[in-house]
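J.: Output the structure for:
(one chain, ligands or ions: 1)
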Amino acid sequence: MSSSSKFIFPLNFRWGAATAAYQIEGAWNEDGKGESIWDRFSHTPGKIANGDTGDVACDHYHRVGEDVELMRELGIRNYRFSISWSRVMPSGRGVLNKKGIEFYDRLIDELLESGIEPFITLYHWDMPQALQDMGGWLNRDVGKYFADYAAAMVKRYGDRVKNWTTINEPWVVAHLGYRTGEMAPGVKDEKQCYQVFHNLFVAHGLALRAMREAHSDIQCGIVLILFPTEAASNSAQDAAAAEYGWHKDSGWQLDPILKAVYPTDIWNALGSFAPQVEPGDMALISQQLDFLGVNYYFRAVVSAEKGRLEEIPGACYTDMGWEVHADSLRQLLERINREYKLPPLYITENGAAYKDEKTNDGRIHDAQRIHYIRDHLLAAHEAIQNGVDLRGYFCWSLLDNFEWAYGYSKRFGLVHVDYGTQERTPKDSARWYSRVIRRNGLDEVLSLKAPMLV
Ligand code: FCB
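T.: Sure, this is the predicted structure:
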């Protein structure tokens, strides 16, 4: 292999960008859309930084044509987005909302006309409020309604959309929605957290079954956020603490999905907080996946004495305060490849928030983001060389958007959004990423001198 082709990805590697409905669409109460828990949460004073809401967000609902055109210009070939459940089913079940359905018809058709492959996420955190009022994920019936909704979407769009994921990051829904309360619905109750976590997996299983019955010709998966965990020192105590941390956060997701069990050490430690599991649940949860989506942002470094370290000496951090550590992505992919029988993988999210500013030339010179993506792509490439069946990479995010409890204060986009005018401006990282896509990887120039080139 010549040195200039060193970082070229496999043929048909899928290059993409990702978004989520509540973070970009706006139009929160238009055309018959029902209220979601994120509408309710963001309208509750004190929940979101600066009192921001997703009422308008990137106004994508009204700018869908422009946004698809932008992707086409940037050469983005795959687009991961989510359907707002309450836009297509205002009360979460029953009748479909025609205008909501037509919105996604239009998005899908425009993507396909532009040669962009759609990847749909069915649940990216915006539970219809009407179902939350019935107990949300704590109520097992809601899992059945989720499966009905999933099947309805597959029936409607499955002729055109082949890639489907059920739930985005059950870990975040459970821990941040139900334990720390920093995300909707804002509950702080550890017992509920673990029951919701389990019920999400059951809902995923019910949906998988219903989707496959609705359409045989689709690929189905789930998206998990995983946290590679390292020991703070060589001591046996720190190693044990790191292993425990891995089981608690990542094993708790991977084991039920891929091995039909929960990690025993964590189950025992949970005591009365362990979830109620009904007969048949584990088989439902562990049905074969067509792919697994992995979201990776940061690792955890753990010591027996201090738990997860807040500051790691010499580390670099993004504007979220998340440590930048690309090699952990390689380690993560290689570890799960060793320890589990995996379906094909996608990195369904990876990216960084930085304090981007427009300079006098009207551009956004986000060299740090380029470095971040480059280093993670190199790590992913190395994992592929080492035998990981990684099929694609989706950058988070296409656009700057509503970053949940942080509101608009954190910018993750390849494309800058001026929230006053809704003007979109591709950042240097967007131009750089489009060259990576065109070359199907990083040649020496793009990988080593990236920021100077754009
Ligand atoms: C992930 C979420 C996504 C976005 C990124 C930064 O956990 O799935 O919506 O907020 O973090």
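
J.: Please identify the residues of the stretch 51-200 of the chain in proximity to the ligand?
T.: Residues of the stretch 51-200 of the chain found near the ligand, taking C-beta under 6 Å from any ligand atom as the criterion, are N168, E169, V172. No exception for glycine: its C-beta is placed from N, CA and C like everyone else's.

J.: Now, those residues that are in strands?
T.: N168 (DSSP state E).

J.: excluding its backbone neighbours, what's nearest A260?
T.: Distances taken as C-beta to C-beta, 6 or more residues apart in numbering place S286 nearest to A260, at 3.8 Å, with adjacent residues excluded.

J.: Which secondary structure element of the chain has the lowest mean pLDDT?
T.: Sorting the helices and strands of the chain by mean pLDDT, DSSP states H and E puts helix 450-453 at the bottom, at a mean of 48.

J.: Could you double-check that H247 sits in contact with P263?
T.: Yes: H247 lies in contact with P263 (C-beta atoms under 8 Å); the separation is 4.2 Å.

J.: Quick one: classify L122 as helix, strand or coil.
T.: Following DSSP: H, G, I helix; E, B strand; the rest coil, we place L122 in the strand state.

J.: Verify the stated contact: it with F81.
T.: No: in terms of C-beta under 8 Å, L122 does not count as a neighbour of F81; the distance is 11.0 Å.

J.: got the residues of the stretch 351-454 of the chain near the ligand?
T.: Residues of the stretch 351-454 of the chain lying near the ligand (C-beta under 6 Å from any ligand atom): W396, E403, W404, F412.

J.: again, only this time at 8 Å
T.: Residues of the stretch 351-454 of the chain lying close to the ligand by C-beta under 8 Å from any ligand atom are G351, A353, W396, S397, E403, W404, K410, F412.

J.: Filter those residues down to just the ones in helices.
T.: Among these, DSSP state H puts none in helices.

J.: out of those, who's nearest F273?
T.: Taking C-beta to C-beta as the measure, F273 lies nearest W404 of these, at 24.8 Å.

J.: can you tell me the helix or strand for the closest residue to that closest one other than its chain neighbours?
T.: Once flanking residues are discounted, W404 sits nearest to M183: 5.9 Å by C-beta to C-beta, 6+ apart. Counting by DSSP states H and E, there is no helix or strand that carries M183.

J.: One more: V301?
T.: Assigned by DSSP H and E, V301 falls in strand 300-303.

J.: The helix or strand following that strand pairs with which strands?
T.: Going down the chain from strand 300-303, the next helix or strand is strand 307-308, by DSSP H and E. Applying DSSP bridges, strand 307-308 is found paired with strand 300-303 (antiparallel).

J.: Tell me the buried residues in the longest helix belonging to the chain?
T.: In the chain, with assignment by DSSP H, the single longest helix is helix 190-214. Neighbour counts over helix 190-214 (16 or more other C-beta atoms under 10 Å) mark 192-212, 214 as buried.

J.: So, low pLDDT: which residues of this structure?
T.: 1-5, 444-454 (pLDDT under 70).

J.: quick one, helices of the stretch 101-250 of the chain?
T.: For the stretch 101-250 of the chain, the helices defined by DSSP state H, counting those that start in this stretch cover 129-132, 140-157, 170-178, 190-214, 236-246.

J.: which one of those helices lies closest to P228?
T.: Here helix 236-246 is closest among the helices of the stretch 101-250 of the chain (C-beta to C-beta), at 7.6 Å.

J.: What residues of that closest one count as buried?
T.: Quick answer for helix 236-246 (16+ other C-beta under 10 Å): D238, A239, A241, A242, Y244, G245, W246.

J.: circling back to that earlier point, and the residues of the stretch 351-454 of the chain next to the ligand, which two are furthest apart?
T.: The widest separation within those (C-beta to C-beta) is 14.5 Å, between G351 and W404.

J.: ok, back up a step: kindly reformat the residues of the stretch 51-200 of the chain next to the ligand as TSV containing neighbour count.
T.: Shown next, in TSV, are these (neighbours: other C-beta atoms under 10 Å):
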residue	neighbour count
N168	24
E169	24
V172	17
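
J.: And the residue of the stretch 251-400 of the chain closest to the ligand?
T.: Closest residue of the stretch 251-400 of the chain to the ligand, C-beta to the nearest ligand atom: W396 (5.2 Å).

J.: Quick check: bridge partners of that residue?
T.: Beta-bridge partners recorded for W396 (DSSP bridges): A18.

J.: just checking, it touches E349?
T.: Yes: with contacts counted by C-beta under 8 Å, W396 reaches E349, the gap being 4.1 Å.

J.: Overlap of the contact sets of these two?
T.: A18, N295 (C-beta atoms under 8 Å, 6 or more residues apart in numbering).

J.: C-alpha coordinates for stretch 177-185, PDB please?
T.: Presented in PDB, the C-alpha positions along stretch 177-185 are these (Å, rounded to 0.1, in the frame of the first residue of the first chain):
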ATOM      1  CA  GLY A 177     -33.900  11.700  32.300                       C
ATOM      2  CA  TYR A 178     -34.600   9.700  35.500                       C
ATOM      3  CA  ARG A 179     -31.700   9.800  37.900                       C
ATOM      4  CA  THR A 180     -30.000  13.200  37.600                       C
ATOM      5  CA  GLY A 181     -33.000  14.800  36.200                       C
ATOM      6  CA  GLU A 182     -31.000  17.100  33.900                       C
ATOM      7  CA  MET A 183     -33.000  16.000  30.900                       C
ATOM      8  CA  ALA A 184     -36.700  15.500  30.200                       C
ATOM      9  CA  PRO A 185     -38.800  14.300  32.000                       C
END
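
J.: Buried residues, that stretch. List them.
T.: Those would be G177, Y178, R179, G181, E182, M183, A184, P185, for stretch 177-185 by 16+ other C-beta under 10 Å.
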